[in-house]
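> Give the three-dimensional model of this entry:
(2 chains)
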Amino acid sequence: MANDINNAETPVSENDDQIVKRADVEAVNKAEERSLYAPRKKIFPQRAKGKFRTIKWFMMLFTLSIYYITPWIRWDRGEGMPDQAVLIDIAGRRFYFFFIEIWPQEVYYVTGLMIMGGIALFLVTSTAGRMWCGYSCPQTIWTDLFIAVERFFEGDRNARIRLDKAPWTLDKITKRVLKHSVWIIIALLTGGAWVFYFSDAPTLFNQLIHNQASFDAYLWMGLLSAFTYVLGGIAREQVCTYMCPWPRIQAVMMDEETLAVMYRYDRGEPRGPHKKNESWEGRGDCVQCRQCVVVCPMGIDIRDGLQLECIQCSLCIDACNSVMEKIGRPQGLIAYDSLKNFERRKKGEENRFRIVRPRTIIYSVILALVGSIMLYTLLNRSMIDVNILRDRNPLFVQLASGDIRNGYTIKIMNKSTAEQKYIVEVSGVDGISLRTEDADEFAADGSPIVTVSRDKLRSLKLYVSIPRKELDSDSADITFKVTQIGSDEEDVQTTTFKGPKL
Amino acid sequence: MSDLKKEIDDVSGVDTTGHEWDGIKELNTPMPRWWVYTFIVCCIWAFVYQFFYPSWPLISDYYKGYFAETNRDRLNDELGNVAQQRSVTLDKIRTMDLEDIRRDNALNTFALAGGKAAFGDNCAPCHGTGAAGFTGYPNLNDDDWLWGGTLEDIYTTISYGIRSTHEETRVNDMPAFLKDELLTKAEIEDVVTYAQSLSDRSIKATESGRVLFADNCALCHGEDGKGLREFGAPNLTDAITLYVTDRDSMIDIVSNSRKGVMPTWSGRLDEATIKSLAIYIHSLGGGE
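Coordinates of the predicted model:
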């Protein structure tokens, strides 16, 4: 079985440079080992040390902090309003994001946000490949965290391989139980944090402690915890390779100038073991130590070229650089590089990193465009929203006096943070008379005035009558002006008034 | 299988399954084995499901499943819950005064919604879905009422109907003046001209017509022709008519009379529904 080779321990090599460890390992997706249904090959990533590993630790800290801390940030919105900075209030049908409060009718803000997220992802991908996958995807972050826990209890690669093959002794059971316990705790914390985005965090936390939270809260916590445990702890690289659509899509955003983690085969080949003091003439820098393979969380060989499985986490760069340092060769045998640079080097040119090119410019322009539209609409967001619906059945009513009456439903949304009074004025045709049962009071000229509580919608049924002689066709334009009393907020809408055919 | 020589595809470097169609060979891109297991688990789940939930048809029945539960049962349960929740409100509507219901915001909203639904089921066939009526079926949106437009009036009309089978029904009887030989054809022409002049200034009334009107019509329609609600006699001076579209149709009505019928709804609809309907119709814009 090739499987054994894959999971072989890393022997200390004897023939070449003593300080370089050489692993006898194969890529899990090696072409020769494919059958009809592929059994999963266990991967035991070795710990990498270096620049990119440090960046990844910081990214993990950063993203996890955002995830866990955000629901606990408070934001004062006044009496009776939720004081949670980020809250998706499904029952109350509001989305709060710091100073923004979005009503379901304004879901286009969320759409805009998602478009921006998508375009930003395209921009990053066309510039530097799978940055998202390698550094900030939750799957990568949590897998990284779960592997760190595994390494803490079971040791690094070789110890883990040994433990995996070992019989079920007390020691193995203890280690495994400890590992899975911590995994489950992390999973519960992950699922637990998620529900805080949908409910007042301190209240829900209190309810959870006293076991009084709603069934929904437990259900979602359970589901998300289970998914975190299964996807981050057990499925790991299988998610990226088989479940995620992004690896299959992302290639279309890349071109030959896109940066990606690449093995510089022009410098590394021909590869082979190297003895101390042996000349580097006529051979490549790759000493076949396979450190890039052992640190890979996907279990692949970067030297096989760009491949679907590679999440471009850069850990192989760290591994290779530390080897290059030991054997006294320049760093960057594996590095962020573009396909074009391979051609350039072939022609004896210098490496160039062209970040500004049509593709990235287009993505940037779209991003800036969507962003400024969003910003503009957000800054000019009205505190009042009015909808006027004309009765369609009946289209109009003839009254005993001969006047023609139309019915309108006026919906006034008070998006401000205080109770407001609104006056509804109708104009456009002479002789208009109004009738409504829903007004709280009437102005001197008979215009209805309604009081709308803050953050509420109120509907007003208004009957508008016009003497027949004032209508010179079967349709007239009339204008509704809804003004917030005591401010200049107003909404003016023109709609039609229907009468009989003349 | 390892003794079989693998055939590697030149272009992709991937081995093939050996299956070939018209010279095109299938590359061997294996599925992960856990996917196969997932499929097997789904198959097992299907059997488990069949055991717990209604599944197999039997000769005169069907297998009800271990839980013996269906979505229809659940729906019925939920409808039962809703009915129970509503019963408190419905009781209030049943016992409270119509004016009080209308002034109570929550009850009013509830009655309007219930009334609208009941209207669509019971009233719309004659009065139209928008209650705008047709010739012979009154428009309930306008401000002209034969039998009165207060909540109480509307409630009475819905409960007992007009010329219905109920003993307390609203009823009136306009004579068929020509058929019953009360007036001659010429006299009818004359009185119709007078009646038309009440609502249309451009028509000139005759003195003889006025006398005929006073002798024959004023008892119910009033001296001034403004109608009398006690008798359900329409106002002839306003812009709204029930049957009349032109002079000929008006002559026809005076000659032969019309006796439209609205059924009684008490006994067919419960008290709360009739009250909701009254509140809904009152809200359509003509309520008094």
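
> Now do residue 163: how many residues are near it, please.
Went with chain A since none was named. Using other CB atoms under 10 Å in any protein chain shown, the number of residues around A:L163 comes to 17. In this view, the C-beta of every residue, glycine as well, is placed from N, C-alpha and C.

> Hmm, no, I was thinking of chain B.
17.

> Which parts of chain B are strands?
B:16-21, B:24-27, B:31-32 (DSSP state E).

> tell me what the first one is packed against?
Pointing back at strand B:16-21 there. Strand B:16-21 sits against strand B:24-27, with contacts defined as 3 or more CB pairs under 8 Å, 6 or more residues apart in numbering or on different chains; DSSP states H and E.

> Any residue of the strand it packs on touching chain A?
No - shown here: strand B:24-27 not in contact with chain A (CB under 8 Å from any CB of the partner chain), separated by at least 9.2 Å.

> tell me, how many neighbours does the residue in chain A that chain B sits nearest to end up with?
At 3.1 Å from chain B, A:N393 is the closest residue in chain A, using CB to the nearest CB. For A:N393, the neighbour count with other CB under 10 Å is 11.

> Next: A:Y336.
Neighbours around A:Y336, by other CB under 10 Å: 18.

> same thing with B:W56?
For B:W56, using other CB under 10 Å, the count is 10.

> Without its sequence neighbours, what residue ends up closest to it?
Leaving aside its chain neighbours, B:W56 sits nearest to B:Y63 (4.1 Å; criterion: CB to CB, 6 or more residues apart in numbering or on different chains).

> Same question for A:L189.
A:L189 sits nearest to A:Y68 (CB to CB, 6+ apart), 7.7 Å away.

> Counting by contacts, list what the strand or helix carrying the one you found packs against.
Under the criterion of DSSP states H and E, A:Y68 resides in helix A:51-69. For helix A:51-69, the packing partners by 3+ CB pairs under 8 Å, 6+ apart come out as helix A:138-154, helix A:170-195, helix A:315-327.

> Okay, buried residues for it please.
Across helix A:51-69, burial judged by 16 or more other CB atoms under 10 Å in any protein chain shown covers A:F52, A:R53, A:K56, A:M59, A:M60, A:T63, A:L64, A:Y67.

> Check stretch B:40-54 too.
Within stretch B:40-54, the residues that qualify as buried by neighbour count (16+ other CB under 10 Å) are B:Y53, B:P54.

> Ok, stretch B:133-153 next?
So stretch B:133-153, judged by 16+ other CB under 10 Å, has buried residues B:133, B:137-149, B:151, B:153.

> Stretch B:223-235 now?
Quick answer for stretch B:223-235 (16+ other CB under 10 Å): B:G225, B:G227, B:F231, B:G232, B:A233, B:P234, B:N235.

> any idea how chain B splits into domains?
B:73-169+B:262-282, B:185-256 (automatic domain parsing).

> got these as CSV, with mean pLDDT and distance to A:L399 columns?
Below are the domains of chain B laid out as CSV (pLDDT from 0 to 100; distance: least, CB to CB, whole Å):
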stretch, mean pLDDT, distance to A:L399
domain B:73-169+B:262-282, 94, 5
domain B:185-256, 92, 7
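
> circling back: can I get the buried residues of helix A:51-69 in JSON lines with pLDDT and distance to A:Y408?
Output for the buried residues of helix A:51-69, formatted as JSON lines (pLDDT from 0 to 100; distance: CB to CB, whole Å):
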{"residue": "A:F52", "pLDDT": "94", "distance to A:Y408": "64"}
{"residue": "A:R53", "pLDDT": "94", "distance to A:Y408": "66"}
{"residue": "A:K56", "pLDDT": "95", "distance to A:Y408": "60"}
{"residue": "A:M59", "pLDDT": "94", "distance to A:Y408": "56"}
{"residue": "A:M60", "pLDDT": "95", "distance to A:Y408": "57"}
{"residue": "A:T63", "pLDDT": "94", "distance to A:Y408": "51"}
{"residue": "A:L64", "pLDDT": "94", "distance to A:Y408": "53"}
{"residue": "A:Y67", "pLDDT": "93", "distance to A:Y408": "48"}
